[in-house]
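Enquirer: After the sequence you'll find the predicted model.
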Amino acid sequence: MTDLPNLPNLNGLVELGRRDGVDIRPTLLRVVTDLYVQKPWHSEEEERHFSELALRLIDLVDAPTRALVAEKIAAYPAAPEAVRQRLLRESITLVAPGEAAIAEDPFAGRKGSAEELSELFFAASSEERRLILLNLPYAPLPPAPPPDATAAREAIARLEAAALGHNSDAFARELERALCVSHAQARRLIDDESGEPVVVAAVALGMPAAVLQRILLCLNPAISRSVQRVYDLAVLHEDIERDAALRLVAIWQAERKPEPTAAAASVARERPVPSANARARAVPPARPRIRWDEHARARGKADGH
């Protein structure tokens, strides 16, 4: 097996797998490949990024995952030749590019697949995040409604003021309101030391490049200490489509817990506080998981679709 420490772009993924006891590399390879084949054509840079990532991961995943990826690549005429040849070395039977069948929906029938994509995005390296964002407009996921232009401009002004004042709490509260995400999710976006989540939020809001650059320089010291990082994020802001940003925002919105009703809040206030011993004996309730397909259907009904 390839020596994992020699793969710098995967170090974050390896550490995540060690911490949670789960190896996400097979899922990352499958999802990135699914996104890649949804787009009918790719630039040389996009092809290079995908090839480098895929060729690294192919050596690190199990045989069933390689077989699934091989089927996707075989059905995609514009697949990188290096990736195709690498899979051929596994002696996997591939159909000829000219016989490619219609690619299936990679997210069909997979509950939680959108949430899975969100977690992969946060676990991925900067290069891998860029690859996901460039291909996300072609994924069969509905985007969030774009914010009202006037409300977005006002939110951008408040976000910039909070960042210039080094007030991350105020920035998180404003981001929570502007994107309709949970407070915990807003904190996760701004505390990310790589910076891509803030860029996604900026694109979704239609933030001018100059404003984003000032925010990046003031909001998170882990980002601002590197001029190259700020420059790379500014380039990413120019390259990704707003549709891609809104699709990722829609996933983040789906993870938001519903606010308690006034009646429920009143009952909670009147309920007696249990003793320390009772709390110790209590079994915490299972946390309900918000499924993407349920969220999409509910939003579709609300929009009249």
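Expert: Received, thanks.

Enquirer: L246 against L141, yeah?
Expert: No: between L246 and L141 there is no contact under C-beta atoms under 8 Å: 9.8 Å. No exception for glycine: its C-beta is placed from N, CA and C like everyone else's.

Enquirer: Between these two, which has more neighbouring residues?
Expert: Neighbour totals were compared for L246 and L141, and L246 leads with 23 against 20 (other C-beta atoms under 10 Å).

Enquirer: nearest spatial neighbour of the more buried one, skipping sequence neighbours?
Expert: Beyond its immediate neighbours in the sequence, the residue positioned closest to L246 (C-beta to C-beta, 6 or more residues apart in numbering) is P143, lying 3.6 Å away.

Enquirer: Check L248 too.
Expert: V200 (5.4 Å).

Enquirer: Downstream of the helix or strand containing A170, the next helix or strand is which one?
Expert: Element membership of A170 [criterion: DSSP states H and E] is helix 168-179. For helix 168-179, the following helix or strand on the C-terminal side (DSSP H and E) is helix 183-191.

Enquirer: name the helices or strands packed onto that following helix?
Expert: Helix 183-191 sits against helix 168-179, helix 196-205, with contacts defined as 3 or more C-beta pairs under 8 Å, 6 or more residues apart in numbering; DSSP states H and E.

Enquirer: For the longest one, which outside residues touch it?
Expert: Here helix 168-179 makes contact (C-beta atoms under 8 Å, 6 or more residues apart in numbering) with 144, 147, 151-152, 155, 158-159, 162-163, 181-183, 185-187, 189-191, 201, 204-205, 219-220, 249, 252-253.

Enquirer: can you rerun that using 6 Å?
Expert: A155, R158, L159, A162, A163, H183, A186, R187, I190, V249 (C-beta atoms under 6 Å, 6 or more residues apart in numbering).

Enquirer: what about the third one, distance to R247?
Expert: Here the distance between L159 and R247 works out to 21 Å (C-beta to C-beta, to the nearest Å).

Enquirer: residues touching the residue nearest to L246, list them.
Expert: D243, L246, R247, A250.

Enquirer: between those, which is nearest L57?
Expert: Distance to L57, by C-beta to C-beta, is smallest for R247 among these, at 23.1 Å.

Enquirer: Excluding chain neighbours, what is closest to G206?
Expert: In space, and not counting its chain neighbours, G206 is closest to A152: 5.6 Å by C-beta to C-beta, 6+ apart.

Enquirer: who's in contact with the strand or helix carrying that neighbour?
Expert: According to DSSP H and E, A152 maps onto helix 149-164. With contact meaning C-beta under 6 Å, 6+ apart, helix 149-164 is reached by A170, F171, E174, A178, L205, G206, M207, V211, I215, C218, L219.

Enquirer: quick one, it and helix 196-205 angle?
Expert: 150 degrees (axes from the mean of the first three to the mean of the last three C-alpha atoms, to 10 degrees).

Enquirer: Measure how the helix holding A170 sits relative to helix 196-205, angle-wise.
Expert: Going by the same axes, to 10 degrees, helix 168-179 makes 40 degrees with helix 196-205.

Enquirer: between helix 168-179 and helix 183-191, how many degrees?
Expert: Using the same axes, to 10 degrees: helix 168-179 against helix 183-191 is 110 degrees.

Enquirer: Now D62, what are its backbone angles?
Expert: As for D62, its main-chain torsions (degrees, to the nearest 10) stand at phi -80, psi 170.
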